[in-house]
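Q: Next input, structure requested:
(2 chains)
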Number of protein chains: 2
Amino acid sequence: MQVKFVMTQLHFKKIIIFGVGLIGGSFALALRRANAVGEVVGFGRSAETLKQAQQLGIIHRIGVDVRVEVSDADLILLATPVGQMPAIMAQIVPHLGAHTLVTDGGSTKCDVVQHAYENFGVHVKQFVPAHPIAGGEKSGAAAAHAALYQGKKVVLTPLPENMPESVTRVQSAWELCGASVSELTPQQHDEVFAAVSHLPHLLSFALVHDISQRDNRDLLLSFAASGFRDFTRIAASSPEMWRDICLANREALLREVQQYADELYTVYQALEKSDAARLEEIFRVASGVRSNWTQNN
Amino acid sequence: MQVKFVMTQLHFKKIIIFGVGLIGGSFALALRRANAVGEVVGFGRSAETLKQAQQLGIIHRIGVDVRVEVSDADLILLATPVGQMPAIMAQIVPHLGAHTLVTDGGSTKCDVVQHAYENFGVHVKQFVPAHPIAGGEKSGAAAAHAALYQGKKVVLTPLPENMPESVTRVQSAWELCGASVSELTPQQHDEVFAAVSHLPHLLSFALVHDISQRDNRDLLLSFAASGFRDFTRIAASSPEMWRDICLANREALLREVQQYADELYTVYQALEKSDAARLEEIFRVASGVRSNWTQNN
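A: The predicted structure follows:
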């Protein structure tokens, strides 16, 4: 009996995905592969993408009327760009079933949480914010795959209004996708990712932009090798997405850029003075920390 | 007859390698695999490494007396850290055979060329500087492999004193290793690599050092993902080697850091003003250039 009870607990009869691209599509595929969901309904801005997602086995049906679909959904994933989330929240909130939970896949959390407070009203307890630490240069439904979240981290930033069992249930959905779930506050989340994700992206964009403005850029690029390749891989990321992330996490990111500029000035001074010991010390600390770091998400 | 003549031209009866690590060892292995060398003799500071190189089939013999070995060598490769090269140059120059050519594997060229002028005297015409654009985080004889230079670029920075046939002969050695050979002046070389290699290394070291100094560094590192992984791969590089490269190419690198700081300030200002259009423009240019760039070395 208990096994059966647990299975019922983990099972989602109906899930709605807004945005059936890499993040949303992979969530659906992973839950379907885990036999954890009865039906997946997709909404999105592009009829073509939705049709493709259906053909790829990501969604069972293309949703027509949000009001009808939302009322009996167990779980709704907002997997659109963050900029589109307020409008979707406003659209779904009046029709949420009493048991319907909502989560999201946004890369920043303070702004999403603010949108949630503005749009959910008393229903904000039904919204459990999440950030899956997964992705890649490729996007769209065709790039979605059931293993995207396998062994990856998902950060939940629960709200004081969430009931513990709501958080547990949203956590279980991400775990069924193969992810390892952690919790941070929205503020902690945005500070951590400003440092380890948003800043490196900005630095990488800046290097390639710098080189691209030079008269001899073709010569320079012709001699760029594997160090440049890896350092600048993230500079090929989506300009729109990263514009939005940078603006959404503006304050924390400005602090990070300022601190990095201070660090860079320290290195510059050591080099200017030909201070071999100081340079080696900086490089040695960095090399030691980087060599000992093991990616666990 | 002509085929036989070409084969004789390309063949090196005896090659001496100073420093039988990744760069020197791979050079020897590649030429041996190409059947382009009769005998490879190794010199180095560590008897253990030399013995290992012999066991790995990198060198035929461990050299005992530089004076004896150098006089009948066709080609000598200096594959030690640049700091050790002046002493080796001083040691070999008095004993060079009339036909002996010398090349090197140093990552900076103006300093190596200056050492050559100081040590070779009239024999500087026998020194053809080179920089193979290959390597990796691993070093040492055990990391050497015959395919290291396959499809990679090697930059020669010939001296006005070199005879054209000497440059051609050194070029042929690197080409026999599978490399594609280009020419730059030593100054051009150091400016190009300050921009596309030395600056990214310094920026990557700086980011990891910055994070490593923080109280919450373990939390930060636990959430770092694939963007951070690739951006900081080169921060795991050898501190001593990069200290030396930065100091050797100090002036060009200082200019690069200054220019990068200016670029970073531009990005900072756009973010501070929430200038979405400017941010997106910078990211779009960078993303386009990076996406269109194909590594060809």
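
Q: only C-alpha atoms for contact and neighbour calcs from this point on.
A: Noted.

Q: Let me know the helix or strand that the most centrally placed residue in chain A is in.
A: The centroid of chain A falls nearest to residue A:107 when counting by Cα atoms, centre = their mean (3.8 Å). Assigned by DSSP states H and E, residue A:107 belongs to no helix or strand.

Q: again with residue A:253
A: Residue A:253 is part of helix A:250-272, with elements assigned from DSSP H and E.

Q: buried residues in that helix?
A: Under the neighbour-count criterion of 16 or more other Cα atoms under 10 Å in any protein chain shown, helix A:250-272 has A:250, A:252-257, A:260-261, A:263-268, A:270-271 buried.

Q: how about the strands of chain A, start to end?
A: A:12-18, A:37-43, A:61-62, A:75-78, A:101-104, A:127-128, A:130-132, A:153-156, A:180-183 (DSSP state E).

Q: now those strands as CSV including mean pLDDT and mean neighbour count?
A: Below are those laid out as CSV (pLDDT from 0 to 100; neighbours: other Cα atoms under 10 Å in any protein chain shown):
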stretch, mean pLDDT, mean neighbour count
strand A:12-18, 97, 22
strand A:37-43, 97, 22
strand A:61-62, 98, 18
strand A:75-78, 98, 26
strand A:101-104, 98, 24
strand A:127-128, 98, 26
strand A:130-132, 98, 24
strand A:153-156, 98, 25
strand A:180-183, 97, 17
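
Q: Looking at those strands, spot the one closest to chain B.
A: strand A:153-156 (7.7 Å; Cα to the nearest Cα).

Q: can I get the CA coordinates of that closest one in CSV?
A: C-alpha atoms of strand A:153-156 as CSV (Å, rounded to 0.1, in the frame of the first residue of the first chain):
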residue,chain,number,x,y,z
LYS,A,153,21.6,21.1,-10.2
VAL,A,154,18.2,22.9,-9.9
VAL,A,155,18.0,25.7,-7.4
LEU,A,156,14.6,26.4,-5.8
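
Q: elements contacting that strand?
A: Under the contact definition 3 or more Cα pairs under 8 Å, 6 or more residues apart in numbering or on different chains; DSSP states H and E, strand A:153-156 sits against strand A:130-132, strand A:180-183.

Q: Turn those into CSV, including distance to chain B.
A: As requested, these are exported to CSV (distance: least, Cα to the nearest Cα, whole Å):
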stretch, distance to chain B
strand A:130-132, 11
strand A:180-183, 10
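
Q: which residues of chain A score low on pLDDT?
A: A:1-10, A:136-137, A:296-297 (pLDDT under 70).

Q: I'd like the domain boundaries of it, if you could list them.
A: Domain assignment for chain A by automatic domain parsing gives A:2-184, A:189-292.

Q: what number of residues lie near the residue lying closest to residue A:33 once chain neighbours are set aside?
A: Nearest non-adjacent residue to residue A:33, counting by Cα to Cα, 6 or more residues apart in numbering or on different chains: residue A:146, 7.0 Å away. Residue A:146 has 19 neighbours, counted by other Cα atoms under 10 Å in any protein chain shown.

Q: Then residue A:114?
A: For residue A:114, the count of nearby residues is 12 (other Cα under 10 Å).

Q: now residue A:39, nearest residue through space, not along the chain?
A: In space, residue A:39 is closest to residue A:14, 4.7 Å off (Cα to Cα, 6+ apart).

Q: Report the contact partners of the one you found.
A: A:37, A:38, A:39, A:40, A:41, A:72, A:73, A:74, A:75 (Cα atoms under 8 Å, 6 or more residues apart in numbering or on different chains).

Q: The fifth one bridge partners, please.
A: This points to residue A:41. Residue A:41 has the following beta-bridge partners by DSSP bridges: residue A:16, residue A:61.

Q: residue contacts, whichever residue of the stretch 1-150 of chain A sits closest to chain B?
A: Nearest to chain B in the stretch 1-150 of chain A, going by Cα to the nearest Cα, is residue A:133, at a distance of 7.1 Å. By Cα under 8 Å, 6+ apart, the contact list for residue A:133 reads A:152, A:153, A:154, A:155, A:297, B:225.

Q: Please, where are all the helices along the stretch 101-250 of chain A?
A: Listed in chain order, the helices of the stretch 101-250 of chain A (DSSP state H, counting those that start in this stretch) span A:110-120, A:164-176, A:186-193, A:199-212, A:217-223, A:226-231, A:239-248, A:250-272.

Q: Can you tell me what sits against stretch A:48-61?
A: Here stretch A:48-61 makes contact (Cα under 8 Å, 6+ apart) with A:20, A:25-26, A:28-29, A:39-44, A:62, A:140-142.
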